[in-house]
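Chemist: show me how the following folds:
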Amino acid sequence: MKLKYASKWIMALSATALLGACADGGSDDDSGNSSEESSGDFDTSKGITVVARDTASGTRGAFNEITGVLVEDGDTETDNTAQSAIIQSGTQGVITAVSEDVNGIGYISLGSLNDSVAGVMIDDVEPTHDTVADGSYPIARPFNMAYGEDLSPQAQEFWDFIFSAEGQAMVEEEGYIPVEPDAAEYEEAEGIEGTISLAGSTSVEPVATVISEAFKEIYPDVVFEISATGSSAGITAAQDATADIGMASRELSEEEAANLTVEAIANDGIAVVVNNDNPLEGLTLDQVREIFTGEVTTWEEVME
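Modeler: As a prediction, the model looks like this:
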C-alpha cells in the first residue's frame, strides 16, 4: 500500500472537518495525541465505540495493513479487529454511526470526509489532499480498477476516458489525487453505445459515478450499471466477467491480479474520524492500532 505520487496538488480539504470540535486549540504534546478535556462535557472515562468496515471492504483491508491491525506471519494473515467493533458495509454507514455516537471512532475514504464527523491527525499530520499527495500522511492507498478479458468497445472507450485529462480532472475535483497529471486530452469516438457494468468498492463508486455521468453526456446511448458491493466482490466480478470493470480501494494480491489488467485511477487517504463533540485532535499510528484491536478501550488512555 505504498503510494507513488507524480506531483503535489494545491487543494486542501476543509479545516473545519479536519480539526473537529476542539474548542480551545491543540496540545503541544509531541506524542501525536492531543485533547482539551475541559471543553464541553466529554467524559474521557467512557468506553470507545469502534466502528469498522466489513471484511469485503478494500478500505478495511488497506487500513488494517497500514496500521498493523492485520498481522502477517509467513503465509498466515490475522485480522485483529476488535471483537466488539460495530461493522458497517459502506462508507456512509461508518459516517452515520460515528456522527450519532459521541464515543464513536471509525475510518473512511478521505474523499468522503464531510462536516458530519471530524478527521483527526495521525502522527501530527492532518488528513488532507496535500499531505496524501506529498506522502506525509501515513494512511493512504490507491483506487484501482481491473478487468479480465478484452473490454467491449464501449467499456474500452470509458477506460480511456478515465485516464484522459478530463477524467483525471474529475478525480481531482472529487478530492482525490490524480495518477495521470499530464494526461492527454480525450478524443471522442464514433458509434459508442451499449452497456458498461462496474462492480466493487463503495469508496471508488462515487468518483466512478461522476466520471460515468460525464462520459454519458458524450455518448447518450451508453447505459451504466454500477454496483457498490465491496472491493473483494468487484475483483471477483472482473475475474468472472460478470462485470466489465471491477473497482477496488486497495492493492490486489498476486493471486487476485493474475489474469487481470489492473490500473490505479487515483490515490486516496483513509481518514480516522470521531464524533464532532469529541475534543480529540490526534493519535499516533500505534494508538490507532491499539484502539481498533481493542487493546485500548477508553478515551482517557489516549487523551492524557
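
Chemist: what residues does stretch 59-72 touch?
Modeler: Residues outside stretch 59-72 that contact it (Cβ atoms under 8 Å, 6 or more residues apart in numbering): 1, 52-54, 77-81, 91, 107-109, 138-141, 201-203, 231, 249-251, 270, 285-286, 288-289, 292-293. Heads up, the C-betas are built off the backbone N, CA and C, glycines and all.

Chemist: which ones among these map onto strands?
Modeler: Within these, residues falling in strands by DSSP state E are 52, 53, 77, 78, 79, 107, 108, 109, 140, 141, 270.

Chemist: what's the most distant pair in the residues you listed?
Modeler: Maximum pairwise distance in these, criterion Cβ to Cβ, is 24.7 Å, between 78 and 109.

Chemist: neighbour count: the two, which is higher?
Modeler: Comparing residue 78 with residue 109 by neighbour count (other Cβ atoms under 10 Å), the higher total belongs to residue 109, at 26 against 11.

Chemist: tell me where the model's unsure across the chain.
Modeler: Scanning the chain for pLDDT under 70 picks out 1-40.

Chemist: mind giving me the domain split of it?
Modeler: Using automatic domain parsing, the domain parsing of the chain gives 18-141+269-301, 142-267.

Chemist: ramachandran coordinates for residue 95?
Modeler: For residue 95, the backbone dihedrals are phi -60, psi -50 (criterion: degrees, to the nearest 10).

Chemist: one more: residue 62?
Modeler: When read as degrees, to the nearest 10, the backbone of residue 62 gives phi -70, psi -50.

Chemist: so how far is residue 260 from it?
Modeler: Residue 62 sits 18 Å away from residue 260, going by Cβ to Cβ, to the nearest Å.

Chemist: which of these two has more neighbours?
Modeler: Higher neighbour count among residue 62 and residue 260: residue 62, with 27 against 17, using other Cβ under 10 Å.

Chemist: check contacts around the residue most central in space within the chain.
Modeler: Centroid check for the chain by Cα atoms, centre = their mean gives residue 109 as the closest residue, at 2.7 Å. Contact analysis of residue 109 by Cβ under 8 Å, 6+ apart lists 59, 91, 203, 249, 268, 269, 270, 271.

Chemist: and of the residues you listed, the nearest to residue 132?
Modeler: residue 269 (4.1 Å).

Chemist: all helices for the protein, in order.
Modeler: All helices of the chain, identified by DSSP state H, fall at 15-19, 58-67, 91-99, 129-133, 153-162, 165-173, 205-218, 231-240, 254-257, 285-293.

Chemist: same for the fifth one, what does it pack against?
Modeler: Packed against helix 153-162, as judged by 3 or more Cβ pairs under 8 Å, 6 or more residues apart in numbering; DSSP states H and E, are the following elements: strand 140-147, strand 194-200, helix 205-218, strand 245-248.

Chemist: let me know how buried residue 136 is, in neighbour terms.
Modeler: Neighbour number of residue 136 under other Cβ under 10 Å is 15.

Chemist: ok, now residue 255?
Modeler: The burial count for residue 255: 6, using other Cβ under 10 Å.

Chemist: wait, isn't residue 285 in contact with residue 137?
Modeler: No. With contact defined as Cβ atoms under 8 Å, residue 285 does not reach residue 137; the gap is 10.7 Å.

Chemist: ok, the two, which is more surrounded?
Modeler: residue 137 (23 against 16).

Chemist: give me the spatial nearest neighbour of the more buried one, chain neighbours excluded.
Modeler: residue 131 (3.8 Å; Cβ to Cβ, 6 or more residues apart in numbering).

Chemist: need the contact list for that neighbour.
Modeler: Counting by Cβ under 8 Å, 6+ apart, residue 131 has contacts 125, 137, 269.

Chemist: thinking again about what came up before, which one is the residue nearest to the centre of the chain nearest to, not counting chain neighbours?
Modeler: For residue 109, ignoring the flanking residues on the chain, the nearest one in space by Cβ to Cβ, 6+ apart is residue 203 at 4.1 Å.

Chemist: now the phi/psi pair for that neighbour, please.
Modeler: When read as degrees, to the nearest 10, the backbone of residue 203 gives phi -80, psi -40.

Chemist: number of nearby residues for it?
Modeler: Residue 203: 32 surrounding residues under other Cβ under 10 Å.

Chemist: quick one: it from residue 134, how far?
Modeler: 21 Å.

Chemist: kind regards, and thank you for your time.
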